[in-house]
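my questions are about this predicted structure, shown below with the sequence.
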Amino acid sequence: MKTFSPTPKDIDRQWFVVDAQDQVLGRLASQIAHRLRGKHKPEFAPHMDNGDFIVVVNCDKIRVTGTKMQNKLYRRYSGYVGGLKTTRLHDLMVQKPGQALVEAVRGMLPRNTLGRNMLKKLKVYAGETHPHTAQNPQPLTLPY
């Protein structure tokens, strides 16, 4: 029996919408990364991007546990001396509500071109509405 290796014509991408209201940030991000990578499909191959499209709404209502809202820091470095910028999670949620979820999912995907292409299939919106109604996304209920 030969080992099945999927080709691009074997990929069946679907659209799902996830309501992030009252979901914990890390648990939600891990399940979204699992779906974006395509590990829930029987034809999963680690060298291919065969995951689904995920639309996340209400990301401004994501919650975190403990004191992460005040203590968790996001760092970025410009490359220049003294160019380290830090932002607290609370400030990030006020300025760009979806960025915290995107950063959490990015950290759970491969760090290469494949991972960057997977991240492009994640669409994050702060409110109830999204412009992807033409794709007819199915509601996705996550186990935890």
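Looks like it arrived, so ask away. Residues are numbered from 1 along each chain as shown.

which helix runs longest in the chain?
helix 25-37 (DSSP state H).

this protein: helices as residue ranges?
Using DSSP H, the helices of the chain run over 25-37, 68-71, 89-95, 99-106, 113-119.

would you turn those helices into CSV with mean pLDDT and mean neighbour count?
The way it works is simple: take the backbone N, C-alpha and C, and place the C-beta from them, glycine included. Below are the helices of the chain laid out as CSV (pLDDT from 0 to 100; neighbours: other C-beta atoms under 10 Å):
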stretch, mean pLDDT, mean neighbour count
helix 25-37, 97, 20
helix 68-71, 96, 13
helix 89-95, 97, 15
helix 99-106, 98, 19
helix 113-119, 97, 15
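
distance to residue 136 added to those, as CSV?
Below are the helices of the chain laid out as CSV (distance: least, C-beta to C-beta, whole Å):
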stretch, distance to residue 136
helix 25-37, 17
helix 68-71, 35
helix 89-95, 30
helix 99-106, 23
helix 113-119, 22
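
for residue 134, which of the ones you listed is the nearest?
Proximity to residue 134, assessed across the helices of the chain by C-beta to C-beta, is greatest for helix 25-37 (20.4 Å).

so what's the residue most central in space within the chain up against?
Centroid-nearest residue in the chain: residue 105, 4.0 Å away (criterion: C-alpha atoms, centre = their mean). Residues near residue 105 by C-beta atoms under 8 Å, 6 or more residues apart in numbering: 29, 32, 33, 36, 119, 122.

show me what the longest helix of the chain is packed against.
strand 15-19, strand 53-57, helix 99-106, helix 113-119 (3 or more C-beta pairs under 8 Å, 6 or more residues apart in numbering; DSSP states H and E).

out of these, nearest to residue 131?
Smallest distance to residue 131 across the helices and strands packed on helix 25-37 (C-beta to C-beta): 9.3 Å, for strand 53-57.

so the closest one versus helix 99-106, what angle?
Put simply, strand 53-57 runs at 150 degrees to helix 99-106, going by axes from the mean of the first three to the mean of the last three C-alpha atoms, to 10 degrees.
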